[in-house]
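Visitor: here is the input, now give the coordinates:
(one chain, ligands or ions: 1)
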Amino acid sequence: MSINIQEIRSQFPVLTREVNGKPLVYLDNGATSQKPKFVLDVLDEYYEKYNANVHRGIHTLSQEATDKMEEARRKVQQFINAKNDYEVIFTRGTTEGINLISNVLREVLTAEDEIIITEIEHHSNIVPWQILCQRTGAKLKYIPLTKEGVLDIDQLDNLLTDKTKLVCVNQVSNALGVVNPIETIIEKAHQKGAWVLIDAAQSAPHTKVDVQAMDCDFLVFSGHKMYGPTGIGVLYGKEDILNSLPPFHGGGEMIKDVSMEVSTYACLPFKFEAGTPDIAGIIGLGAAVDFINSIGIETIHNYEKELVDYTIQRLSEFEEVEIYAKDAEHSGAVSFNLKLDGVHSSDVGMILDKKGIAVRTGHHCAQPIMQHFNIPGTVRASFAVYNTKEEVDIFIEGLKTAIRMLG
Ligand code: PMP
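Guide: Residues are numbered from 1 along each chain as shown. All right, here's what the predicted structure looks like:
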């Protein structure tokens, strides 16, 4: 499918604004993407035309809201190729999806068990496992990084044991934009009988995620990074595993029957969706999936790859620039620093902001990676389908100014 970027850009109202007197160049999509008018309209439509609580009501508005919400669930199911729509659990985001699993595993794990994560995780795929291990006595192990900053996957065989219950890894690193070898990790973990949780926060917006093909046991992502609203995300889990786990939050929607002594729980997905869900957010996420499908995730992937490759090529022109894990496969983002004494990533970010260019600086909620490189942070340029090579050129010009000013 060919891609008409100007037509795509015209769907994003915020892209017409100026920042500090300059046209906005938004390269902070790894933090959150902008939203197309189509998604904004669907949110408005929900609140203006059929706002009602779901699943309980006999009246028309409630039924309409329920239908739209369950339609969104099926859209997400198709988007990630889940076998069943009830394997799609709505959460507040990636963080909540991981915390959901880590909390319910408190009743499942013992001090005999082990969890493996990696040195390249976002804090939200580290801290919940540290808490779980503190509470259960289970052991937390890490797949280390090589000097270059990619996973030292050869170490996995030594780390995996018969005690390994779970392996958690992101498909794409938010801090470096590096693609991780999740196929190998899933295969090896399964050989030991361990479950695998994939953090797809940085992959779902950029690449085809097929949970059946990858055969992961859990997968989590956030709507706001893929053109959808904030406050909505997805936890996918295999049916039999989700059924085997205890519930997370207790409350309305997640029960079958409640007596004063005891309750029985609803079937999937409702068992894990206590309380009134983010109905607008869910419907908005469905619209975001429609938006992605209107272009095609493969088309988005190929186009963004061109942008990332071009950015790496242009950044390589400067001897003052150090690109992290430069030769690794990248998706959606590039991280770098200026090799200038006393210069912090935020200095670069502030100069770029004066030129209307939005990048992220700092540790990107991935401090172990920063410790690995012995740096406080990096500058990260991260992309979405509405970015252009012209914007990369503007960013590079901005960087030249930063080098001049800070050098
Ligand atoms: N994992 C990764 C790889 C991420 O990039 C992010 C967001 N930066 C998260 C987890 C957390 O996502 P959220 O804040 O939407 O829950």
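Visitor: any weak-confidence spans in the stretch 1-150 of the chain?
Guide: 1 (pLDDT under 70).
Visitor: residues of the stretch 1-150 of the chain that sit close to the ligand?
Guide: On the criterion C-beta under 6 Å from any ligand atom, the ligand has as its neighbours in the stretch 1-150 of the chain the residues 93-95, 122, 124-125. Any C-beta I mention is one placed from the backbone N, CA and C, and that applies to glycine too.
Visitor: now E107, nearest residue through space, not along the chain?
Guide: With sequence-adjacent residues excluded and distances taken as C-beta to C-beta, 6 or more residues apart in numbering, E107 is closest to P246, at 5.1 Å.
Visitor: please apply the same query to G93.
Guide: Per C-beta to C-beta, 6+ apart, closest to G93 is G233, 3.7 Å.
Visitor: the one you found contacts T94, doesn't it?
Guide: Yes: contact criterion C-beta atoms under 8 Å: G233 and T94 qualify, at 5.6 Å.
Visitor: so where's the stretch 251-400 of the chain uncertain?
Guide: Using pLDDT under 70, the stretch 251-400 of the chain has no residue that qualifies.
Visitor: tell me where it has strands.
Guide: Assigned by DSSP state E, counting those that start in this stretch, the strands in the stretch 251-400 of the chain fall at 255-258, 263-265, 321-323, 333-338, 357-358, 360-362, 378-382.
Visitor: you'd agree A288 is up against L43?
Guide: No: at 10.5 Å, A288 and L43 do not qualify as touching, with contact defined as C-beta under 8 Å.
Visitor: count of neighbours near D157?
Guide: Each residue near D157 was counted by other C-beta atoms under 10 Å, and the total is 10.
Visitor: how about the contacts made by it?
Guide: K188 (C-beta atoms under 8 Å, 6 or more residues apart in numbering).
Visitor: what's near enough to touch D278?
Guide: Contact analysis of D278 by C-beta under 8 Å, 6+ apart lists 90, 92, 229, 231-232.
Visitor: I should have written E273 there, sorry.
Guide: By C-beta under 8 Å, 6+ apart, the contact set of E273 is 89-90, 253-254.
Visitor: how about V76?
Guide: The contact partners of V76, taken as C-beta under 8 Å, 6+ apart, are 82, 88, 234, 285-286, 289.
Visitor: try A384
Guide: Contact analysis of A384 by C-beta under 8 Å, 6+ apart lists 26, 29, 33-34, 205, 227, 304.
Visitor: of these, closest to E390?
Guide: Nearest to E390 out of the contacts of A384 is Y26 (C-beta to C-beta; 13.2 Å).
Visitor: once you drop chain neighbours, what's closest to the closest one?
Guide: The spatial neighbour of Y26 that comes closest, neighbours along the chain excluded (C-beta to C-beta, 6+ apart), is A358 at 5.0 Å.
Visitor: that neighbour touches N29, doesn't it?
Guide: No: in this structure, A358 is not within contact of N29 by C-beta under 8 Å, at 9.3 Å.
Visitor: pick out whichever of these two has more residues nearby.
Guide: Higher neighbour count among A358 and N29: N29, with 27 against 18, using other C-beta under 10 Å.
Visitor: quick one, phi/psi of the more buried one?
Guide: phi -70, psi -20 (degrees, to the nearest 10).
Visitor: relative to I101, how far out is it?
Guide: Between N29 and I101 the computed distance is 26 Å (C-beta to C-beta, to the nearest Å).
Visitor: how about E187?
Guide: E187 is 21 Å from I101, where distance means C-beta to C-beta.
Visitor: I185: what's it in contact with?
Guide: Contacts for I185 (C-beta under 8 Å, 6+ apart) come out as 143, 153, 156, 167, 169, 196.
Visitor: so the first one touches V150, yeah?
Guide: No: with contacts defined as C-beta under 8 Å, I143 does not count as touching V150, sitting 10.4 Å away.
Visitor: so the two - more neighbours on which side?
Guide: When I143 and V150 are compared for neighbours, I143 comes out ahead with 23 against 20, by other C-beta under 10 Å.
Visitor: which residues touch stretch 50-66?
Guide: Residues from elsewhere that reach stretch 50-66 (C-beta under 8 Å, 6+ apart): 46, 68-69, 253, 270, 276-277, 279-280.
Visitor: buried stuff in it?
Guide: Neighbour-count burial for stretch 50-66 flags 50, 52, 54-55, 62, 64-66 (criterion: 16 or more other C-beta atoms under 10 Å).
Visitor: returning to what we had before: look at E187 and I101 and report which has more neighbours.
Guide: The neighbour comparison of E187 against I101 (other C-beta under 10 Å) goes to I101, with 27 against 13.
Visitor: ok so the more buried one is a helix residue?
Guide: Yes: I101 sits within a helix when classified using DSSP: H, G, I helix; E, B strand; the rest coil.
Visitor: what is in contact with G233 and T94 at once?
Guide: Counting by C-beta under 8 Å, 6+ apart, the common neighbours of G233 and T94 are 220-222.
Visitor: quick one on the thing from earlier: need the winner for burial among the strands of the stretch 251-400 of the chain.
Guide: strand 378-382 (a mean of 28; mean count of other C-beta atoms under 10 Å).
Visitor: name the helices or strands packed onto it?
Guide: Applying 3 or more C-beta pairs under 8 Å, 6 or more residues apart in numbering; DSSP states H and E, one finds that strand 378-382 contacts strand 333-338, helix 345-354, strand 360-362.
Visitor: quick one: closest of the ones you listed to N387.
Guide: Of the helices and strands packed on strand 378-382, nearest to N387 by C-beta to C-beta is strand 333-338, at 11.4 Å.
Visitor: list the contacts for R314?
Guide: Contacts here follow C-beta under 8 Å, 6+ apart; on that basis R314 touches 392-393, 396.
Visitor: please redo it, this time with the cut-off set to 6 Å
Guide: By C-beta atoms under 6 Å, 6 or more residues apart in numbering, R314 lies in contact with I396.
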